[in-house]
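Colleague: predicted model, plus sequence, below.
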Amino acid sequence: MRLGQRNCAGTMTSKLCVYRPSGDHYACVLCGDTTGNPDLRRVCPLLRSGKIDHTWTCGVTTVAQRVEDGTLADTLTSIIDAGFPQPRIFCDGAANIDGDVTYRIPRTNAFSNWMLAAWELYLRHPHSKYYAIFQDDCVVARNTRRYLDTWDYPERGYWNLYTHEKNGRADMAKGWHPASKRGFGALGLVFDNTTLKVLLTHEHMINRPKSPVRGGKNIDGGIVTALKQAGWTEYVHMPSLMQHIGDKSTLGHSPRRRSPYFEPVIPIGLGDMTGGALASIGITEQRYKHAKQMIGLRGDCRCKERREKLNKLWDGSRGNQKAQD
């Protein structure tokens, strides 16, 4: 939903805040702040105070085997190194894990653990802007979260941080591309607040546990099917922002699928940093397009062009500096 846009329930959004009609005004659901300005170009006092951060919420699903063989520890280290906040761990079964952990005892299955994790993340943090849900056998490229902050989240879409070989080509341009309709991998998925709610309440996800064949697994297929039916699109990145680790699957998948497009470090250039700084104060391509519709701005947004030019200048200057050194 774009800034100041009303949805079917009459709710208005203001950056990270959610205002609802209250008499002749709009009231923030976080702190009760009221305003009579229907454009809502504001952030509520609770968020301005810095007491809460509703930008990113993260979780990791796992089982005891991944704890014992050290794979989970490697995954958690990688997630933190990529810039994400400390994730909550959702363990299907009993294990000895430090940190914020939710245990499923007795065990459920992979699909149920994932759905319960997604619901719990939402219930604990219902106002988060983004939800990143990872599996326990992966590594994430350095700078990934910082890099994601430089992009506009896709309207009626979601991000798959893992690019399977069937979802990409070596000659594809750097950036986001629509994925195939089958769903290949759920190692790391990112949803905005609206998309997660659509997914969790979709009929396909609600009925999937009844399936005798896929009711307990194939998380990626369930998600891509439900959101496709809802009119959403999955996007993958080139290069892949994640990679499989480990040789054996706890679900019996063999062999492990490794992306040929993975790069362990995502370079952050001057254009990316500039885009991230502008996005932090609400200057994004989506907002420009909305303003263009509202007040008749001329010309197309040049955010992408600016990012690419500044990145090239940045890369060139760094190359010259290295040559001098």
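Modeller: Thanks, I have the structure now. Quick caveat, the model's predicted, so the values are computed rather than measured.

Colleague: in which helix or strand would I find residue 163?
Modeller: Secondary structure from DSSP states H and E places residue 163 outside every helix and strand.

Colleague: pull the contacting residues for it.
Modeller: 236-241, 259, 261-262 (Cβ atoms under 8 Å, 6 or more residues apart in numbering). From N, CA and C alone the C-beta is placed, and that goes for glycine too.

Colleague: buried stuff in stretch 159-167?
Modeller: 159-164, 167 (16 or more other Cβ atoms under 10 Å).

Colleague: then stretch 168-178?
Modeller: Using 16+ other Cβ under 10 Å as the test for burial, stretch 168-178 gives 168, 176-177.

Colleague: and for stretch 239-248?
Modeller: Residues of stretch 239-248 classed as buried: 239-246 (neighbour count, 16+ other Cβ under 10 Å).

Colleague: list the contacts of the spatially closest residue to residue 173 that is not a sequence neighbour.
Modeller: Among residues not flanking residue 173 along the chain, residue 238 sits closest, at 6.8 Å (Cβ to Cβ, 6 or more residues apart in numbering). Going by Cβ under 8 Å, 6+ apart, residue 238 touches 163, 168, 172-175, 177, 261.

Colleague: got the phi/psi numbers for residue 262?
Modeller: Residue 262 has phi and psi values of phi -70, psi 140 when expressed as degrees, to the nearest 10.

Colleague: all strands of the stretch 151-300 of the chain, in order?
Modeller: Along the stretch 151-300 of the chain, the stretches classed as strands by DSSP state E, counting those that start in this stretch are 157-160, 175-178, 188-192, 233-238, 242-244.

Colleague: would CSV of those strands with mean pLDDT and distance to residue 212 be doable?
Modeller: CSV is the format used below for these (pLDDT from 0 to 100; distance: least, Cβ to Cβ, whole Å):
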stretch, mean pLDDT, distance to residue 212
strand 157-160, 96, 27
strand 175-178, 92, 32
strand 188-192, 97, 25
strand 233-238, 95, 26
strand 242-244, 95, 28
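
Colleague: redo the ones you listed as JSON lines? Include distance to residue 307.
Modeller: Output for these, formatted as JSON lines (distance: least, Cβ to Cβ, whole Å):
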{"stretch": "strand 157-160", "distance to residue 307": "17"}
{"stretch": "strand 175-178", "distance to residue 307": "10"}
{"stretch": "strand 188-192", "distance to residue 307": "19"}
{"stretch": "strand 233-238", "distance to residue 307": "15"}
{"stretch": "strand 242-244", "distance to residue 307": "22"}
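
Colleague: who wins for proximity to residue 296 among those strands?
Modeller: Nearest to residue 296, of all the strands of the stretch 151-300 of the chain, is strand 157-160, at 26.9 Å by Cβ to Cβ.

Colleague: what packs against the closest one?
Modeller: strand 188-192, strand 233-238 (3 or more Cβ pairs under 8 Å, 6 or more residues apart in numbering; DSSP states H and E).
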